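Participant: Fold the following.
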Amino acid sequence: MAAWTAAARQAANLTTLSSPRVASARQAASLIHRRGLAGGGDHHGPPKVNFWQDPLNPSKWKEEHFVIVSLTGWGLLFYGGYKFFTGDKKDKKEEKVGEKSH
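Facilitator: Below is the predicted model of the structure:
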């Protein structure tokens, strides 16, 4: 079978060399981008899952889910630290107003 396809390719190459119009079409066809191995071929390791399917095992999460959860966690950590160290000035003003009226 492989010998048959190799012979067919050689015959096709010989016909393209003899005809300049076909050769230019072949050159144009060779400029078309083909994805090659960019598809989702063989995966190595365990399959990745959504983070809500296995929340206690981040190594099995999909990459984009890991990024979303990580950034959300860091955001909550920074916001909580900001609120803790700066205090809530709005509540303090209301308490002071409440103390003066009593």
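Participant: Would you mind measuring from residue 58 to residue 70?
Facilitator: 9 Å (C-beta to C-beta, to the nearest Å). No exception for glycine: its C-beta is placed from N, CA and C like everyone else's.
Participant: I meant to write residue 82 there.
Facilitator: Going from residue 82 to residue 70 by C-beta to C-beta gives 19 Å.
Participant: With neighbour numbers in mind, choose between the two.
Facilitator: Comparing residue 82 with residue 70 by other C-beta atoms under 10 Å, the one with more neighbours is residue 70, at 12 against 9.
Participant: Tell me the confidence at that one?
Facilitator: pLDDT, residue 70: 95.
Participant: Identify each buried residue in the host helix or strand of it, please.
Facilitator: Element membership for residue 70 (DSSP states H and E) is helix 63-86. Neighbour-count burial for helix 63-86 flags residue 65 (criterion: 16 or more other C-beta atoms under 10 Å).
Participant: Dump that helix to PDB, keeping only the CA atoms.
Facilitator: Provided in PDB are the C-alpha atoms of helix 63-86 (Å, rounded to 0.1, in the frame of the first residue of the first chain):
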ATOM      1  CA  GLU A  63      -5.500  25.000  33.900                       C
ATOM      2  CA  GLU A  64      -8.000  27.800  33.400                       C
ATOM      3  CA  HIS A  65     -10.000  26.700  36.500                       C
ATOM      4  CA  PHE A  66      -6.800  26.700  38.500                       C
ATOM      5  CA  VAL A  67      -6.000  30.300  37.400                       C
ATOM      6  CA  ILE A  68      -9.500  31.500  38.200                       C
ATOM      7  CA  VAL A  69      -9.600  30.000  41.700                       C
ATOM      8  CA  SER A  70      -6.100  31.100  42.400                       C
ATOM      9  CA  LEU A  71      -6.700  34.700  41.400                       C
ATOM     10  CA  THR A  72     -10.000  34.800  43.300                       C
ATOM     11  CA  GLY A  73      -8.300  33.500  46.400                       C
ATOM     12  CA  TRP A  74      -5.500  36.100  46.200                       C
ATOM     13  CA  GLY A  75      -8.000  38.900  45.600                       C
ATOM     14  CA  LEU A  76     -10.000  37.900  48.600                       C
ATOM     15  CA  LEU A  77      -6.800  37.700  50.700                       C
ATOM     16  CA  PHE A  78      -5.700  41.200  49.700                       C
ATOM     17  CA  TYR A  79      -9.200  42.700  50.100                       C
ATOM     18  CA  GLY A  80      -9.600  41.000  53.600                       C
ATOM     19  CA  GLY A  81      -6.100  42.300  54.600                       C
ATOM     20  CA  TYR A  82      -7.000  45.800  53.400                       C
ATOM     21  CA  LYS A  83     -10.200  45.800  55.300                       C
ATOM     22  CA  PHE A  84      -8.600  44.400  58.400                       C
ATOM     23  CA  PHE A  85      -5.700  46.800  58.600                       C
ATOM     24  CA  THR A  86      -7.500  50.000  57.500                       C
END
